[in-house]
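**Student:** coords below, sequence missing:
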């Protein structure tokens, strides 16, 4: 089992940047594929970005491609989301998630694939 805690959210102007972090408990962080999802008020939770166990494979939603970068540091049990050129439509609660994977390069991009979730961190982008 793994526990996830997000941090780094806040209020930023359009065009600005933020770095989100997701800290994981336990000694088996490198056995989990990880992902970032977001949920705006009145909307369903949507995929943002995913990274494989090894960090060697990543995938992004079209809406954030070229602006967001997902990464992980297995030695620190931490995953990151660097968000640049933020837009008001990026406003949401951002959640990190973990899914145990056998293969080092497998990524997971749907809500149903993930077993563990953090509480979320609010990102608000003002126009």
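**Tutor:** Right, received. Where do you want to start? Treat the numbers as computed from the prediction; the structure is a model and nothing was measured.
**Student:** quick one, phi/psi of residue 22?
**Tutor:** phi -130, psi 110 (degrees, to the nearest 10).
**Student:** from residue 14, how far out is it?
**Tutor:** Separation of residue 22 from residue 14 (CB to CB, to the nearest Å): 24 Å. Glycine gets a C-beta too; all of them are placed from N, C-alpha and C.
**Student:** so for the two, which residue has more residues nearby?
**Tutor:** Using other CB atoms under 10 Å, the more surrounded residue of residue 22 and residue 14 is residue 22, with 26 against 13.
**Student:** please tell me the pLDDT value assigned to the nearest residue to residue 118 once chain neighbours are set aside.
**Tutor:** Closest residue to residue 118 apart from its sequence neighbours, by CB to CB, 6 or more residues apart in numbering: residue 4 at 3.6 Å. Here, the pLDDT recorded for residue 4 equals 97.
**Student:** over to the one 10 residues further on?
**Tutor:** If you check residue 14, the pLDDT there is 98.
**Student:** the one 4 residues further on now?
**Tutor:** At residue 18, the model reports a pLDDT of 98.
**Student:** isn't the residue nearest to residue 118 right next to residue 22, touching?
**Tutor:** Yes. The pair residue 4 / residue 22 is scored as a contact, 5.6 Å apart, by CB atoms under 8 Å.
**Student:** return every residue with contacts to both of these two.
**Tutor:** 96, 118 (CB atoms under 8 Å, 6 or more residues apart in numbering).
**Student:** count of neighbours near the residue nearest to residue 118?
**Tutor:** 22.
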